[in-house]
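how does the following fold in three dimensions:
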Amino acid sequence: MDDTSLPGERTARYDLDERLGTDYYAVFADLDAADRAVWDRAKTLVDETAPRMRDAWDTASYPLEVVRRFGELDLLTDGIDHPDLTHISPLAAGLVNMEVSRGDGSLGTVLAVQGGLALRTLALFGSAQQQSRWLRPLARAEVLGAFALTEPDHGSDSVSLETVARRDGDQWVLRGTKKWIGNGASGGITFVWARVDDETSDDHGAVRCFLVEQDTPGYIGTVITGKVSLRAIHQAHITLEDVRVPHDAVLPGTRSFKDASVVLYSTRSGVAWSALGHATACYEAALSYARQRVQFGKPLATFQMVQERLAQMLEELTAMQLYCRHLADLEASGGLRPTQASLAKYHNTRTARRIASTARDLLGGNGILLENGVMQHMADIEAIHTYEGTESIQALLIGRDITGMSAFA
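The predicted structure is shown next:
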């Protein structure tokens, strides 16, 4: 006898992966052909890699072949304006972030690290020689890149970083530690932010960035284990024990911590889009489940309480879409201010948490199964809610902007 015909299990599995194209206010209805083509490439990546990423998240493994596919589809340039990179609009870059995160949060973080942080740092601040050697390999994901700013003792107060760089003849010597560094133990290159320790030099005390190949003696990257968020990308704890790099390893365009901030401000827009992707996945899974799940003899979608929850989620999701679209329009016009990106991240990650929680509850016990996606997105949202500046830091940046007074300690 076919087990599916036994009493008590008419539906063995729910189909919650289908894209429903949720866009209640037609926020993305006017896309031009170029932007839509980039978005379609991101959908291709997600569709090709979905089973592999689900397994990788479950086993906490990092599928590097998927990262290479990013490069093959030319999806890593993140709107960076550079003659050696394929330029896409801020809207297209946002849609890639959204779509990739809708598929898998670890994939979204790969994009944020490889493109948003590492590639952008090199494109903005690297020398012509550094860019000639590394820019295209990073964009094609032939070499993995890491952005090492955060330290074990300095997260939100990363401006107080203690990693130091001192001159020794024609070399720099780096000493310190970094933590939560995506791709930091993957065998590529790391952009290490350090404070110059040289009282005889004009840049003593300045924060500068150094390009370090990860096989350099003294560089030790250890994968952080035990994560329950973004499990399919490896973050590293890095120790730098008298790591010697050539004098020209410093990125000449970096002169202060403000340069690191330029990179972080740019990626905060990406985090807002990423949150939208997670929230879209959760809302659409909840809507599909409500249509398919039968209780008390009829679909959940026919119950008033369920429709109210779906309407509430749609209201919040539409607000997130409007934030992101206007954010992209501001950036395209050259009028985007850093605190506007902060407000979008602040709003969207907080809202994504609420949508994920409501969706998980609507799915009942099935909501905690990885196969249904919502619980994984719920866990991954916790990471993006924190990185690129916590909720509190964003609030203080916005508060300083609107009041003209700093409340930072």
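
now the strands: where do they sit in the stretch 101-250 of the chain?
145-148, 164-168, 171-182, 189-196, 207-213, 219-223, 235-246 (DSSP state E, counting those that start in this stretch).

so which of the ones you listed gets nearest Arg102?
strand 171-182 (19.4 Å; CB to CB). Just so you know, the C-beta spots here come from the backbone N, C-alpha and C atoms, and that holds for glycine as well.

tell me the angle of the closest one relative to strand 219-223?
10 degrees (axes from the mean of the first three to the mean of the last three CA atoms, to 10 degrees).

show the average pLDDT along strand 171-182.
Strand 171-182 shows a mean pLDDT of 97.

just the strands of the stretch 101-250 of the chain: most buried one?
Counting by mean count of other CB atoms under 10 Å, strand 145-148 has the highest mean neighbour count of the strands of the stretch 101-250 of the chain, with a mean of 28.

what is that strand packed up against?
strand 171-182, strand 189-196 (3 or more CB pairs under 8 Å, 6 or more residues apart in numbering; DSSP states H and E).

which one of these lies nearest to His247?
strand 171-182 (6.2 Å).

report the inter-axis angle for that closest one versus strand 164-168.
Using the same axes, to 10 degrees, strand 171-182 lies at 160 degrees relative to strand 164-168.

quick one: strands adjacent to strand 171-182?
strand 164-168 (antiparallel), strand 235-246 (antiparallel) (DSSP bridges).

let me know which of these is the nearest to Gln131.
strand 235-246 (16.0 Å).

give me the contact list for the closest one.
Applying CB atoms under 8 Å, 6 or more residues apart in numbering, the contact partners of strand 235-246 are 146, 148, 152, 163, 168, 170-186, 190, 192, 210-212, 216-224, 227.

mind redoing it with 7 Å?
148, 163, 171-182, 184-185, 192, 210, 212, 216, 218-224 (CB atoms under 7 Å, 6 or more residues apart in numbering).

now stretch 307-325
Taking CB under 7 Å, 6+ apart as the rule, stretch 307-325 contacts 22-25, 27, 94, 272-273, 275-276, 279-280, 283, 286-287, 290, 301, 344, 347-348, 351, 354-355, 358-359, 362.

residue ranges for the strands of the stretch 251-400 of the chain, please.
Under DSSP E, counting those that start in this stretch, the stretch 251-400 of the chain gives strands at 294-295, 298-299.

can you put the ones you listed in CSV and add mean neighbour count?
Shown next, in CSV, are these (neighbours: other CB atoms under 10 Å):
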stretch, mean neighbour count
strand 294-295, 12
strand 298-299, 12
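
so which of those is nearest Asp40?
The nearest among those, by CB to CB, is strand 298-299 at 31.9 Å.

any regions of the stretch 301-409 of the chain where pLDDT drops low?
Counting by pLDDT under 70, the stretch 301-409 of the chain contains no low-confidence segment.

repeat that with 80
409 (pLDDT under 80).

by residue count, what's the longest helix in the chain?
helix 257-292 (DSSP state H).

just give the nearest non-adjacent residue to Leu240, would you?
Leu174 (4.6 Å; CB to CB, 6 or more residues apart in numbering).

test of understanding: give the bridge partners of that neighbour.
Ala165, Val243.

my read is that it contacts Phe210, right?
Yes - taking contacts as CB atoms under 7 Å, Leu174 lies within contact range of Phe210: 6.3 Å.

got any residues that touch both of those two?
Common neighbours of Leu174 and Phe210 (CB under 7 Å, 6+ apart) are Ala165, Val192, Ala194, Val245.

closest one of those residues to Pro90?
For these, the nearest to Pro90 is Val192 (28.3 Å; CB to CB).

how much space separates the closest one from Gly184?
10 Å (CB to CB, to the nearest Å).

need the overlap of contacts for these two.
Common neighbours of Val192 and Gly184 (CB under 7 Å, 6+ apart) are Ala148.

domain ranges for the protein?
Listed domain ranges for the chain are 33-139, 145-256, 258-403 (source: automatic domain parsing).

what's the closest of those domains to Tyr14?
domain 258-403 (5.2 Å).

tell me the spacing between Pro246 and Arg133.
Pro246 is 12 Å from Arg133, by CB to CB.

between those two, which contacts overlap?
With CB under 7 Å, 6+ apart, Pro246 and Arg133 have no common neighbours.

tell me the average confidence for stretch 104-121?
97.

got the end-to-end distance for it?
Terminal residues of stretch 104-121 are spaced 25 Å apart (CA to CA, to the nearest Å).

which parts of it are buried?
Across stretch 104-121, burial judged by 16 or more other CB atoms under 10 Å covers 104-121.

do stretch 6-18 as well
Tyr14, Leu16, Asp17.

so the first one touches Leu287, yeah?
Yep, that's Tyr14 we're talking about. No - using CB under 7 Å, Tyr14 makes no contact with Leu287, being 11.7 Å away.

the stretch 51-200 of the chain: helices as residue ranges?
64-72, 90-103, 105-111, 120-125, 128-139 (DSSP state H, counting those that start in this stretch).

reformat the strands of the stretch 101-250 of the chain as JSON lines; add distance to Asn372.
Converted to JSON lines, the strands of the stretch 101-250 of the chain look like this (distance: least, CB to CB, whole Å):
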{"stretch": "strand 145-148", "distance to Asn372": "32"}
{"stretch": "strand 164-168", "distance to Asn372": "48"}
{"stretch": "strand 171-182", "distance to Asn372": "26"}
{"stretch": "strand 189-196", "distance to Asn372": "36"}
{"stretch": "strand 207-213", "distance to Asn372": "41"}
{"stretch": "strand 219-223", "distance to Asn372": "28"}
{"stretch": "strand 235-246", "distance to Asn372": "26"}
